[in-house]
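Colleague: Got a sequence here, can you build the structure:
(one chain, ligands or ions: 1)
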Amino acid sequence: MDELSPSNGTDQPQPQPKTSLWCPRQLVFSPYSRLAEASNKSHTLRVVVRRPLVARLTKDIVETYQICNSQFKYSEELNPKRYLTSPSTGVLNDGYDNVNSDLILNVNYVLVNSDTQRRYIVKDVLGHGTFGQVAKCWIPETSSFVAVKIIKNQPAYYQQALVEVSILTMLNKKYDPEDKHHIVRIFDYFVYQRHLCICFELLDTNLYELIKLNHFRGLSLSIVQLFSKQILRGLALLKDAGIIHCDLKPENILLCTSVKRGEIKIIDFGSACMEDRTVYSYIQSRYYRSPEVLLGYQYTTAIDMWSFGCIVAELFLGLPLFPGASEFDLLRRMIEILGGQPPDYVLKEAKNTSKFFKCIASIHDVENREVSAGSKSAYQALTEEEYEARELKKPSLGKEYFNHMNLEAIVNNYPYRKNLPKEDIIRESQIRLALIDFLRGLVEFDPAKRWSPFQASKHPFVTGEPFTCPYIPPPETPHVPVAQNMRVDHHPGGGHWFAAGLSPNIPGRNRVAVHNSPHFQVVPYSHANSYGSVGSYGSYNDSTGLGSSYGSYGDTSNMFAYYSPVGPSGMNMHAPGNVSMLGSSPDARRRIIQYSHGNGLGVSPSAGNFAPLPLGASPSQYTPPSSYSQVSTGSPGQYGPTSPARGNCHGSPLSKMAAVSQLNRRKNWGYPGGAQSQENPFSHWIGQPTDGTNSSQVEGNSQLLSSFPSHQHSSSNAATWKQQRGGSSIPAGYSAIQNMPGSSSLGSNIQYSQITGMSHDKHEGILSLPDPGDWDPNYSDELLLQEDASDVSCITTELSKAMGLGSAEPLDGSGRLNHWSSTNSNMNFQRMKFCARVGSCFERGRFLHHRLEF
Ligand SMILES: Nc1ncnc2c1ncn2[C@@H]1O[C@H](COP(=O)(O)OP(=O)(O)OP(=O)(O)O)[C@@H](O)[C@H]1O
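Modeller: Numbers count the residues shown, from 1 in each chain. Predicted coordinates for the structure are as follows:
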């Protein structure tokens, strides 16, 4: 404070000259006194003086005040409430909830698990999703931070969130007790103020934000490899458990705060389902949506492998591989970039084939598979005009931002880091060939041929072995039937909760006692489908005794049942008054309906009248009621999944709500049900051929790369990578070589592109930095200005330092993040985390001020 007020060398308040414009009231603060400060707390002086002014006026304000007035006492109770939830007006649930059914949180709001009396003190909001808010909370008891997902106070969200609890509990406890498979840990769950709260380990930035912090330039191949390996471990676990994540995307993969740098974890199992209970057809975020889901074909864990392939490509390229502005656009991009189309057996069976394809063979040919057996398909993708004629609306098409329209050219022509030595370019080009081969096995149209996590994990791109020829995967290990595989060994709750045929296995009074839920009431219900008796197929529990009977939950003395259209797997049974439901037949099943009006049970007036959701899909991903659809549950077909159980599907009334409530960071980026999904987020900066020709015509010629071993799919024309925007473009020249520390291994593929004018890139188009402001709906320059400019400008430098560059060299226009390094300092990592939060503020502006409180 020495620069704020002169010291007179005494600690007494001094009369101020009349000419002074402002002075603190004498009784409150005395002017700053260096002597007083020194005599009081010399260590404080040191700390305060060295801290930046902003820190002293924010984070250190209490100390600053105390320096000015030793009598000053800080009292938290006197603080005005600082709301973290928006809107913060309480209109539902006795004023606890806002209009969106979100619990209105403020800093230091306390969530209590009434069972254990554990208190979770809200400190910040980490994110929003379809299901509610995720808050960073402090547990005084353990002196640790956790992430608590506070689910909206609506029955459908409530119930679907229980699926997340069940699946994660099972994955954590049964399949990954040692936490080695990169799946987020669930610690606790409870109901507070009619909100289901799920407590997770606290994680850090997600991969989308990481890419964004790097200005949408790709990460180095070593990091891509590092992340790929970990995601595959997670997917292998899911496959073993027979679980489909259904919403794998960069946003749902988070860096860990743990000491192990570069560790990531998969989150958000709110859309997950069991492989043998694939109920919904409208799943996966659009950019990461598999062809079989898009076409309405039956699906398996292979859809996560497709998403994984899209993620790997995006990590490398910095941009989504298939940023379809609509499903038509998505399919068009897949076909163009991959050079093929879904196999005929899928097209023949899929529900939506006629929306995107026309049949060009005779019915007889199709039926008898004569055409599909040959090289020519019986189906041809509709042109834009044909689609419009059929659907009576123009398909939404996004602009191209890769100047190459095939996978090989896109990857091969991605700019190399500047100043990379020639030998490193050659080495990296080899790894890129491995990457292409790897991606080919993942973004494979045929789900039956798509590699499993096990097969993919043996690929040279992942193992780091030299890549010499196209990879032939080892045979897949036999699949253990899900029903056998998913039994849990203990039932502390005395039964099972069964929205997903799963058991939360967490006992307790307030353990989401469904029968006590404000959202449900029991009514007799007769289900048409008979799936056998209680305790039959798919139970997670020992099929003995009442407590382990199929679909039960809570104490064995309390069984209710509620209906889910998937058959017994959707039955949540609770027997009031010790009425045993053991061995109940379908006609004994009951359905729980929601009170549709105020009933003293705390149902939000806005909640509507929802039937409980069956398992397995995010509310954001349900098929709109007008077009309820279900993946065919009939015969699995020759390549179909082996699961015998495929239930009927009802759509969800949530779809419209979800569309409105989508607060995802990339809310226009291909999310199912997204209200603005027709808008192309890249429309302003996505590159277009500068000469007005079709992108496929502007392919340049890479002298260097053309000498590399060619891949079976590679284009002979090495095409041009180009990202273009407005006038602020810079030429994307040939990436010259720069030696980086530790460049002897995969980690050497750190790329900073620089224009050098080397021959093979001289035809390159224009490269410019994509600006999130051009497409990110939540971005604003004002928000940017609110931050400390130096913090912002240093993001990429600090991030790359934090990730182990060991160099302060900034990333240039096409630079790429470097590999992780053990020399990375914790300070840098902290800095990175701070920067990451700043980055996230750009998108979620209204939380900016919260983020500054670090
Ligand atoms: N364990 C965690 N640690 C830190 N942040 C987290 C954690 N879990 C979630 N978040 C943050 O909260 C955001 C929303 O979480 P999540 O994806 O689980 O919610 P959701 O409602 O299921 O979202 P979606 O709409 O994608 O289905 C995440 O993108 C992430 O930024």
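Colleague: Tell me which residue of this protein lies closest to the ligand.
Modeller: Gly129 (1.9 Å; Cβ to the nearest ligand atom). For glycine as for every other residue, the C-beta is placed from the backbone atoms N, C-alpha and C.
Colleague: Test my guess that that residue contacts Asp268.
Modeller: Yes - applying Cβ atoms under 8 Å, one finds Gly129 in contact with Asp268, separated by 7.1 Å.
Colleague: low-confidence ranges in this protein?
Modeller: Regions of the chain meeting the criterion pLDDT under 70 cover residues 1-50, 259, 363-375, 477-854.
Colleague: about what we covered before: so for Gly129 and Asp268, which residue has more residues nearby?
Modeller: Asp268 (27 against 23; other Cβ atoms under 10 Å).
Colleague: Tell me how far that one lies from Tyr471.
Modeller: In this structure, Asp268 and Tyr471 are 30 Å apart, going by Cβ to Cβ, to the nearest Å.
Colleague: Same check on Tyr345?
Modeller: From Tyr345 to Tyr471 the distance is 24 Å (Cβ to Cβ).
Colleague: Those two: which is more packed in?
Modeller: The neighbour count for Tyr345 versus Tyr471, taken as other Cβ under 10 Å, is higher for Tyr471 (20 against 17).
Colleague: Can you classify that one as helix, strand or coil?
Modeller: coil (DSSP: H, G, I helix; E, B strand; the rest coil).
Colleague: Look up how far Val146 lies from Trp138.
Modeller: 8 Å.
Colleague: and Val163, which of the three is it?
Modeller: Criterion first, three-state DSSP; result for Val163: helix.
Colleague: Please verify my assumption that it contacts Asp268.
Modeller: No - Val163 is beyond contact range of Asp268, at 11.8 Å (criterion: Cβ under 8 Å).
Colleague: contacting residues for Lys239?
Modeller: Applying Cβ atoms under 8 Å, 6 or more residues apart in numbering to Lys239 gives the contacts Thr301, Ser452, Pro453, Phe454.
Colleague: which of those residues count as buried?
Modeller: Neighbour counting with 16 or more other Cβ atoms under 10 Å marks Thr301, Ser452, Pro453, Phe454 as buried within the contacts of Lys239.
Colleague: What is the nearest of these to Lys260?
Modeller: Of all these, Lys260 sits closest to Pro453, with 21.0 Å by Cβ to Cβ.
Colleague: Pull the contacting residues for the closest one.
Modeller: Pro453 neighbours (Cβ under 8 Å, 6+ apart): Leu232, Arg233, Leu235, Ala236, Leu238, Lys239, Met305.
Colleague: how about the residues you listed, which pair is most distant?
Modeller: For the contacts of Pro453, and using Cβ to Cβ, no pair is farther apart than Arg233 and Met305, which are 13.5 Å apart.
Colleague: Compare those two (neighbour count), which wins?
Modeller: Neighbours were tallied for Arg233 and for Met305 using other Cβ under 10 Å; the higher tally belongs to Met305 (26 against 17).
Colleague: Quick check, the more buried one in contact with Gln455.
Modeller: No - using Cβ under 8 Å, Met305 is not in contact with Gln455; the gap is 9.2 Å.
Colleague: Show me what counts as buried in the helix or strand Ser429 falls within.
Modeller: When elements are assigned from DSSP states H and E, Ser429 belongs to helix 422-442. For helix 422-442, a neighbour-count test (16+ other Cβ under 10 Å) marks 424-425, 427-442 as buried.
Colleague: which of the residues in the helix or strand where Val54 lies are buried?
Modeller: Counting by DSSP H and E, the element that carries Val54 is helix 53-57. If you call a residue buried by 16+ other Cβ under 10 Å, then helix 53-57 has these buried ones: Ala55, Arg56.
Colleague: Which SSE is immediately downstream of that helix?
Modeller: helix 61-68.
Colleague: For that following helix, name the packing helices and strands.
Modeller: Here helix 61-68 touches helix 34-40, helix 42-50, helix 53-57, going by 3 or more Cβ pairs under 8 Å, 6 or more residues apart in numbering; DSSP states H and E.
Colleague: residue contacts, the spatially closest residue to Glu263 that is not a sequence neighbour?
Modeller: The shortest distance from Glu263 to any non-neighbouring residue, by Cβ to Cβ, 6 or more residues apart in numbering, is to Cys256 (4.2 Å). Residues near Cys256 by Cβ under 8 Å, 6+ apart: Leu203, Asp204, Glu263, Ile264, Lys265.
Colleague: could you redo those as a markdown table and give each row secondary structure, distance to the ligand and neighbour count?
Modeller: Below are those laid out as a markdown table (DSSP: H, G, I helix; E, B strand; the rest coil; distance: Cβ to the nearest ligand atom, whole Å; neighbours: other Cβ atoms under 10 Å):
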| residue | secondary structure | distance to the ligand | neighbour count |
| --- | --- | --- | --- |
| Leu203 | strand | 4 | 21 |
| Asp204 | strand | 7 | 20 |
| Glu263 | coil | 13 | 18 |
| Ile264 | strand | 12 | 22 |
| Lys265 | strand | 8 | 23 |
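Colleague: and which of the residues you listed is nearest Glu385?
Modeller: Closest to Glu385, out of all of the contacts of Cys256 and judged by Cβ to Cβ, is Ile264, at 43.6 Å.
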